[in-house]
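Undergrad: Next one to model:
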Amino acid sequence: MGGEASGRAIGAVGACARDAGFGVRARCTCHHTPAAVIMRPTMIATNGPPFIVITRILGAISGRLAAEVLNNYMRSGTTKRILSWVIEEPFMPGVHHVTAICGRAERNLAFYTHVLGLRLVKQTVNFDDPGTYHLYYGDEAGHPGTILTFFPWEYAPPGRAGIGQAEQIMFRVPASALGYWMHRFVERGVAHEQPIKRFGETSLPFVDPDGLRLGLVAVAGADAEPAWGAAGIPRENAIRGFQSVVLMLEDAARTAGILTDVFGFAEIGREGSVRRLRANDGIGGTVDVHEAGGFLPGTMGRGAVHHVAFRATDDDTQAALARKVRDNHGVQTTERKDRNYFRSIYFREPGGILFEIATDQPGFAVDEPAALLGRALKLPPFLEPRRKEIEAVLPPLEIAA
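TA: Modelled structure (predicted):
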């Protein structure tokens, strides 16, 4: 395994159920800060002797620390047989995904996969408008905090940035990567501005073919994060996920109150009319609230953000967050909706932006193998009987192998 093992899925140990019991405590003594972690067995394999597969380690630990914990555990003599190993990254609050509106689906696909190098992790339809694609882009597995999705409404009018909208989506890249991306944007004809400084970070603003405002932020340490290498982009320069989402509001106070009270953000700084809120230092952990009183309201259309979704571990956590929105902030929420890859509850925050609470479970590999994500059109069970009808109205997409 070794020190290069990184965050999200660095492995799992299977141990004999008779020896492991209901949990094993291990202590690391490597050069990282010593930490006690609890390994909880959560699944029993029934083929052959009873085995417990440990699928969660509680505690924020690095790959090297996890490796040492596992080694210590195996040396303890309780492990009779090794099956496979998977350690899940501890839950981090923050942005789950952002959904926007675009024009032509094939142009959108070409830009986000061939120019930005994101992976198409799901090709499905808008469950409420099944004659429209719903395209999901992200990292290799579509982890929360990396997912940008689109409804391609080709004949929608252009949107207008303004009050009551998410005005910009910022991706994080390694600190040394901005020069590479400036050169790539010039080569590919991508409209972009000169790098700017915001909260001490250097960012490269640009727009997609429909006018959606985006940016790349140089982040120290991002080179150690997992990356999807595609479209000829070296992994050391690839996009890692979201750095921040910028919201434009008439009055920031009530929205900031929901972000802090419900979603675990905390204000960490202000620059002019922008306040920065952070839930974690990693992917998807930052929201910037731009208070632009007196500015024109935004309009929905091509190049506009439809909604911003925030993470919940599971259904129970999601229900608790929705209850907080209603009880503490007087804002009504929708019923839970099953989106196949997560469950969703929606509400319109006080500034007018549509927010969503989305579960991390079950993820994008629920209906196709992880190696084949995005290759085929996937429909929810209730739309499967209409597949031929739906496929007949969707424009063809050229999916790279």
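
Undergrad: Would you map the helices across the stretch 101-250 of the chain?
TA: Secondary structure of the stretch 101-250 of the chain (DSSP state H, counting those that start in this stretch): helices located at 105-109, 178-188.

Undergrad: What ranges does the stretch 151-300 of the chain have for its strands?
TA: 165-174, 196-198, 201-207, 213-219, 241-249, 266-271, 274-278, 286-291 (DSSP state E, counting those that start in this stretch).

Undergrad: Can you give me the buried ones in stretch 104-119?
TA: 104-105, 108-113, 115-119 (16 or more other C-beta atoms under 10 Å). The way it works is simple: take the backbone N, C-alpha and C, and place the C-beta from them, glycine included.

Undergrad: do stretch 382-398 as well
TA: By neighbour count on 16+ other C-beta under 10 Å, the buried set for stretch 382-398 is 390, 394, 397.

Undergrad: Pick out whichever of the residues you listed sits closest to Pro93.
TA: Leu397 (33.8 Å; C-beta to C-beta).

Undergrad: OK, contacts around that closest one?
TA: 105-106, 109, 123, 133 (C-beta atoms under 8 Å, 6 or more residues apart in numbering).

Undergrad: Pull the most distant pair out of these.
TA: Glu106 and Gln123 (12.0 Å).

Undergrad: circling back to that earlier point, any chance of the helices of the stretch 101-250 of the chain in JSON lines with distance to Gly363 and mean pLDDT as columns?
TA: Output for those, formatted as JSON lines (distance: least, C-beta to C-beta, whole Å; pLDDT from 0 to 100):
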{"stretch": "helix 105-109", "distance to Gly363": "21", "mean pLDDT": "97"}
{"stretch": "helix 178-188", "distance to Gly363": "29", "mean pLDDT": "97"}
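
Undergrad: just so I know, which of those lies nearest Asp316?
TA: With distances scored as C-beta to C-beta, the stretch of these nearest to Asp316 is helix 105-109 (35.3 Å).

Undergrad: other SSEs contacting that closest one?
TA: When contacts are defined as 3 or more C-beta pairs under 8 Å, 6 or more residues apart in numbering; DSSP states H and E, helix 105-109 sits against strand 129-138, strand 147-152.

Undergrad: Deepest in the core, which of those is it.
TA: Highest mean neighbour count among those (mean count of other C-beta atoms under 10 Å): strand 147-152, with a mean of 24.

Undergrad: who's in contact with that one?
TA: The contact list for strand 147-152 (C-beta under 8 Å, 6+ apart) reads 96-105, 108, 112, 118, 121, 126, 129, 132-138, 169, 242, 306.

Undergrad: so who does the spatially most central residue of the chain touch?
TA: Centroid-nearest residue in the chain: Gly145, 2.1 Å away (criterion: C-alpha atoms, centre = their mean). The contact partners of Gly145, taken as C-beta under 8 Å, 6+ apart, are 92, 94-96, 241-242, 282-285, 311.

Undergrad: Right, I'll call it a day here.
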